[in-house]
Every structure is written in structure tokens, then in C-alpha cells.
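Participant: this is the structure alone, sequence omitted:
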């Protein structure tokens with residue numbers, strides 16, 4: 001893994017830079033419990049979470065014949081935004097962003113989060129200065145981020161880009177757009193699922209800083 005090959009780093013947000021797994025699991029179990037549905041374990045969550053999240057909701061037990069997906073999604077994101085400020089950045093994330101910036105890398109964020117919520121969060125964690133752009137969706141239903149990824153890529157003049165994320169969705173986007181991808185399996189999907197992507201896996205965000213320093 002030679003990070004100096006790349007001119008621009010594209011970061012996923014949830015589960016990659018932001019450690020929000022426990023919050024998401026807590027909320028989804030509250031929603032299930034309120035509907036007298038069985039709650040799920042962390043292990044099961046990591047094995048079924050994915051995009052579009054509508055499919056994931058069905059896997060954990062929601063029935064869209066009884067209640068529309070949009071209603072459940074809105075209930076989830078309302079609870080998420082209420083609790084998000086209690087989440088922290090992933091260990092080493094802030095230092096890694098600072099190290100990349102100081103070593104001349106340009107960076108951006110590409111997320112399936114709603115744009116307004118995403119920007120607010122990035123500014124609240126005071127890391128906005130590290131990013132050329134912050135790119136999210138125009139809604140909170142998290143169908144996926146391929147459309148904004150394609151649009152963003154078309155606006156760039158970088159010759160070599162690296163996408164860093166925590167899900168198979170990130171790897172799929174990178175493959176379709178013909179850019180490289182590294183995955184970090186301490187986010188929303190398990191390591192054994194991410195192994196199937198056949199891309200480099202890191203143990204943590206902090207590993208990226210180690211790679212930068214070792215390449216000097």
C-alpha cells in the first residue's frame with residue numbers, strides 16, 4: 001500500500017471517520033423493541049447492514065406492508081441526530097487527517113448522510129479545514145451514494161484517487177468509478193464480509209498515518 005501514489009483521498013464518514021456504530025445499534029434496537037420485534041446483536045448488525053438501507057431494515061425485521069420505509073427511516077434519523085453529538089471520531093482520525101494535510105494530500109468526504117446533517121457534524125468536530133469538499137445526499141434515506149460519487153468525480157482533475165471506507169458499498173463505488181479503495185473493518189460491516197471485496201484492509205484509521213510516516 002503506497003499512499004504517496006495518490007493525489008487525493010476521499011473519505012467515507014459514518015463508521016470510517018465517525019465512530020457511530022453503538023449509536024446506530026442502540027437506535028435500531030429501540031425501534032424494533034417499540035414494535036415488539038426481536039432486537040439484534042452487534043454481530044448480527046455487522047453481518048446484515050448495507051446499502052440501500054431499506055434492504056437492511058427488512059433483514060432486521062421491519063415490515064413495510066405494515067409501515068412505510070420512509071416513516072421508519074425518519075424516526076431513525078431523528079433519534080440519530082439527537083444522539084450523534086455523543087459520538088466521537090474514530091481513534092486516530094483527527095491526527096491522521098492532520099498528517100495527511102501537512103504532507104500535502106487533498107481530501108474530501110463522500111457520504112450517504114444528508115448533506116445538511118453531514119456538514120453540521122463535520123463543523124462541530126472542527127475538522128472541516130482538512131477537506132476540499134463535503135458531499136452528502138439531498139435526503140436522509142441513505143439509498144446509496146453512487147450518483148453523488150460519479151458527479152463528484154467528474155468535477156475533479158486529480159489523476160489518482162483513493163477512497164477509504166468501511167463497507168462493501170464503498171468498494172463497489174470505487175470499482176465502478178475505476179479508483180482504488182482501502183477498507184477499515186471497525187465500522188458498520190464485519191471483517192469477513194469486507195474480505196470479499198478483495199481490496200486492502202487496514203486495522204484502523206491510525207494505520208494510514210503509520211503508512212505515511214513509513215514511506216518518508
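Facilitator: All right, it came through fine. Not measured: the values here are computed from a predicted model.

Participant: pull the helix or strand with minimum mean pLDDT from the protein.
Facilitator: helix 146-154 (a mean of 67; mean pLDDT, DSSP states H and E).

Participant: what's the helix or strand following that helix in contact with?
Facilitator: Using DSSP states H and E, the helix or strand that directly follows helix 146-154 along the chain is strand 161-165. Contact with strand 161-165 is made by 3, 6-12, 15-16, 110, 153, 170-171, 173-174, 179-184, 187, 208, as judged by C-beta atoms under 8 Å, 6 or more residues apart in numbering. In this view, the C-beta of every residue, glycine as well, is placed from N, C-alpha and C.

Participant: domain boundaries for this protein, per the record?
Facilitator: For the chain, automatic domain parsing gives the domain ranges 3-19+89-214, 21-86.

Participant: so of those, which one's packed in deepest?
Facilitator: domain 3-19+89-214 (a mean of 18; mean count of other C-beta atoms under 10 Å).

Participant: among the contacts of strand 161-165, which are located in strands?
Facilitator: Under the assignment DSSP state E, those contribute 8, 9, 10, 11, 110, 180, 181, 182, 183 to strands.

Participant: weakest of the domains of the chain in terms of mean pLDDT?
Facilitator: Here the lowest mean pLDDT among the domains of the chain goes to domain 3-19+89-214, at a mean of 88.

Participant: which stretches in the protein count as helices?
Facilitator: 21-34, 42-48, 53-60, 69-83, 93-102, 115-124, 146-154, 168-176, 191-194, 206-214 (DSSP state H).

Participant: packing partners for the fourth one?
Facilitator: Applying 3 or more C-beta pairs under 8 Å, 6 or more residues apart in numbering; DSSP states H and E, one finds that helix 69-83 makes contact with helix 21-34, helix 53-60.

Participant: would you format these as TSV with distance to residue 90 included?
Facilitator: Shown next, in TSV, are these (distance: least, C-beta to C-beta, whole Å):
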stretch	distance to residue 90
helix 21-34	10
helix 53-60	21
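
Participant: right, I'll leave it there.
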